[in-house]
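[1] Sequence first, predicted model second:
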Amino acid sequence: MFFHGKRSGSNYVWTWYIAQCTLERFYICSYAETRELLLDQSEYNVVAGQKFNVAISISRQSSQPLDIFYTFIGVTTSLETSTTNYSSTQTLTMPASDTTITVNVEGFTIPSCPLSVSSEVKQVKSTLTSLSITASSTQQKSVTCTITGYSRPTARWFRNSAQVTTSSSSKVYQSSTNVNRFTGRSTLYIQPGTQAGEGGQYVCKPTNWNRGGNIDRTLTVNVAANIATSPSAQIVTIGVQQIFTCTSYGFPIPTITWKRNVDSVASSTNENIY
């Protein structure tokens, strides 16, 4: 639409004219309706196999129909067509690897300026350098837990639901750090001379993750069997029962076997020695 001026005597008379244009010529990019395509998050962090919601919206109502598509794990799907005002929530399932959600909008009002927006979908993962470890009487042992895939992860070690201490004066302690925005790491240290009471199951978990999915990792700390009390020599009197006691510790709880020369001592009370 434009003005046209026509002279009449000493004056100009202005008249409205409507341009007869095709959509492609009239709705050019610089004159397209202002609007923005939005995803509710720029990054989604989900456990593999878990369902999660993605909210999609267009910030202003359009005067022309729109076609909206999204691409997720390589498949392009039409969300809705012939709509002038769009807002929707889609439920997706996290694949086994990181991926990207891409949403595109096509409409009569924006043939030369299609809208597009993408968000990363990262898998939450947790790994241990070892699933079991045996304490040593002479050297320090350690296992590192790494958690990746969401913003500012904090890896922590727990035993019997209580967080492991960070004091290096303890026989078992942890040291935690944030490597970067998407990686948290905690190392569990087992000092020399760790006792059986400190063996067992240690669980590494992210303390700032509450969105479901099992990403905790369990470490078994073994303590080698040791003889705590050795039997002392005794003089046996005929007809008088003598008892010899041996006590051991370790994790798992060790089994004590008595032997005479190379043969195991019987467990039957009918024997002279059992």
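    It's in.

[2] number of nearby residues for residue 67?
    By other Cβ atoms under 10 Å, 16 other residues sit near residue 67. The way it works is simple: take the backbone N, C-alpha and C, and place the C-beta from them, glycine included.

[3] Quick check: which element contains it?
    Here residue 67 sits within strand 66-72, counting by DSSP states H and E.

[4] Quick check: phi and psi at residue 198.
    Phi and psi for residue 198, reported as degrees, to the nearest 10, are phi -100, psi 0.

[5] picking that back up, elements contacting the strand holding residue 67?
    strand 51-58, strand 75-83, strand 99-107 (3 or more Cβ pairs under 8 Å, 6 or more residues apart in numbering; DSSP states H and E).

[6] ok, the shortest one: who's next to it in the sheet?
    For strand 51-58, the pairing partners within the sheet under DSSP bridges are strand 37-39 (antiparallel), strand 87-93 (antiparallel).

[7] Of these, flag the one that's most buried.
    Greatest average neighbour count among those goes to strand 37-39 (a mean of 17), per mean count of other Cβ atoms under 10 Å.

[8] residues of the next helix or strand after that strand that come out buried?
    Using DSSP H and E, the helix or strand that directly follows strand 37-39 along the chain is strand 43-46. Residues of strand 43-46 classed as buried by neighbour count (16 or more other Cβ atoms under 10 Å): 44-46.

[9] now stretch 114-133
    115, 117, 119, 121-126, 128, 133.

[10] and the angle for the strand holding residue 67 with strand 51-58?
    Calculated by axes from the mean of the first three to the mean of the last three Cα atoms, to 10 degrees, strand 66-72 forms an angle of 150 degrees with strand 51-58.

[11] re earlier: from the buried residues of strand 43-46, which single one is nearest residue 162?
    residue 45 (27.0 Å; Cβ to Cβ).

[12] circling back to that earlier point, out of the buried residues of strand 43-46, flag the one nearest to residue 157.
    Nearest to residue 157 among those, with distances taken as Cβ to Cβ, is residue 45, at 21.6 Å.

[13] so what's that closest one up against?
    Residue 45 is in contact with 121-124, 149-151, 211, counting by Cβ atoms under 8 Å, 6 or more residues apart in numbering.

[14] Quickly note the distance from the closest residue to it other than its chain neighbours to residue 131.
    Nearest-residue entry for residue 45: residue 150, 3.4 Å, with adjacent residues in sequence omitted and distances by Cβ to Cβ, 6 or more residues apart in numbering. Look at residue 150 and residue 131: by Cβ to Cβ, to the nearest Å, they are 23 Å apart.

[15] what do you get for residue 101?
    34 Å.

[16] okay, residue 66: pLDDT?
    Residue 66 carries a pLDDT value of 73.

[17] whoops, I mixed them up, residue 122
    Confidence at residue 122, expressed as pLDDT, is 86.

[18] same check, this time on the one 3 residues further on
    The score at residue 125 is 88. That number is its pLDDT.

[19] residues in contact with it?
    Residue 125 makes contact with 147-149, 215 under the criterion Cβ under 8 Å, 6+ apart.

[20] before we move on, back to that, mean pLDDT lowest for which of the helices and strands packed on strand 66-72?
    Ranked by mean pLDDT, the helices and strands packed on strand 66-72 bottom out at strand 75-83, with a mean of 75.

[21] follow-up on the earlier one: give me the angle between the strand holding residue 67 and strand 99-107.
    Between the axes of strand 66-72 and strand 99-107, defined by the same axes, to 10 degrees, the angle is 170 degrees.

[22] Strand 66-72 pairs with which strands?
    According to DSSP bridges, strand 66-72 has the following sheet partners: strand 75-83 (antiparallel), strand 99-107 (antiparallel).

[23] Deepest in the core, which of those is it.
    Most buried of the strands paired with strand 66-72 by mean neighbour count (mean count of other Cβ under 10 Å) is strand 99-107; its value is a mean of 18.

[24] can the strands paired with strand 66-72 go into JSON lines with extra columns for distance to residue 262?
    Listed next are those as JSON lines, based on distance: least, Cβ to Cβ, whole Å:
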{"stretch": "strand 75-83", "distance to residue 262": "69"}
{"stretch": "strand 99-107", "distance to residue 262": "63"}
